[in-house]
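Q: Sequence first, then the predicted structure:
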Amino acid sequence: MIPSFPDFKELSLDDIPELNAALALKKRSVCELALANLFIWKDIDNPKITKINDNICILTDFKIESPFFFEPLGDNLLSDTLEKCFTMAGKISRVSADFLQKLDETKYFHKCLRSQGDYIYLTKDLAELLGKKYDGKRNHIKKFTRLFPGYSYVRLTKEMSDEAMALFEKWQMVRMESQPLTKVSYEAQKMAIKRVFEYFDILGLFGGAIFANDRMKAFTIGSPVSDEMVSIHFSYTDPAANGASQTVLWEGCNKTYDKYKYVNLEQDLGILGLRKAKLSYHPLKLEDKFEITKKIL
């Protein structure tokens, strides 16, 4: 059971029923409000949970950022709820534009967090890749198909965890040569992928993998944000398999994520290469997120 403020508990799988009930009542579009994201990053986010005015409030304590709350799950006595949050942390962050509209502008400052904005696409666009603007993507897929004419795209299962981890390590070793990851970033991603396979069924995670010559060449993992939107949390590929990243996303949008109207490819974290890659798929929109601080009156 989630305790009442000022008591907190560490986020655990026991909290899933209450979280699911609260999330079902909330309009959701940002990846932080995908249930899976609350759990797979818990080793770096260190989330603690409480109830304030019967709203679920999650406090994070990043290793690389000062503590903050996510937006409350629930709107009961919202002003008082936020006031209590501010007694524990200096900001409420990764806030959606929809939540921002509910706030009293005279009480709070807000700023847009460009590096945290989610890239939103129509699933149909990424599945069809129609038009000149997607010429480059189709060419990469053709290259991959020529390299691996007998490749197969299959449903990802938790039994593939060892192959997925090996592929991540291979990707990471090549990545370090051009864009070194900090130890914290590398360890966070590695642990998050482990959590994915540990919590695969209970969090409703699903995805796909490409195999060629009996080797995994790419995998992708996602989970629902809402009935209309899927968030793709991870996509890793064999760096030597030219076109694998384009192919696994294309296959995924045709065969795995196709029941959802929208695909959320999450944020770019201010990494220029990642930003360029996400923009190259021509997003429908960038879902802005904000940080809220309290005005001193």
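A: Looks like it came in fine. Numbers count the residues shown, from 1 in each chain.
Q: domains for this structure, by residue range?
A: 9-117+289-294, 118-266 (automatic domain parsing).
Q: chain center to the last one, what's the gap?
A: Domain 118-266 has its C-alpha centroid displaced from the chain centroid by 13 Å (Cα atoms, centre = their mean, to the nearest Å).
Q: ok, back up a step: for the domains of the chain, which one sits closest to S280?
A: Proximity to S280 (Cβ to Cβ) singles out domain 118-266 among those, at 7.3 Å. All C-beta atoms are positioned from the backbone trio N, CA, C, and that covers glycine.
Q: Determine how far the last residue of the closest one lies from the first.
A: One end of domain 118-266 sits 4 Å from the other (Cα to Cα, to the nearest Å).
Q: for stretch 91-111, same thing?
A: Start-to-end span of stretch 91-111 (Cα to Cα) is 11 Å.
Q: Next up, the contacts around the closest residue to G243 other than its chain neighbours.
A: If you skip the residues right next to it in sequence, G243 has F144 as its closest partner in space, 3.1 Å away by Cβ to Cβ, 6 or more residues apart in numbering. F144 makes contacts with 151, 241-244, 246-247, as judged by Cβ atoms under 8 Å, 6 or more residues apart in numbering.
Q: Just say helix, strand or coil for F144.
A: Of the three states, F144 takes helix under DSSP: H, G, I helix; E, B strand; the rest coil.
Q: returning to that earlier point: please flag which of the contacts of F144 sit within helices.
A: 244, 246-247 (DSSP state H).
Q: ok, of the contacts of F144, which one's closest to K132?
A: Q246 (16.0 Å).
Q: Double-check the closest one against I141; I have them as touching.
A: Yes. Judged on Cβ atoms under 8 Å, Q246 makes contact with I141 at a distance of 5.3 Å.
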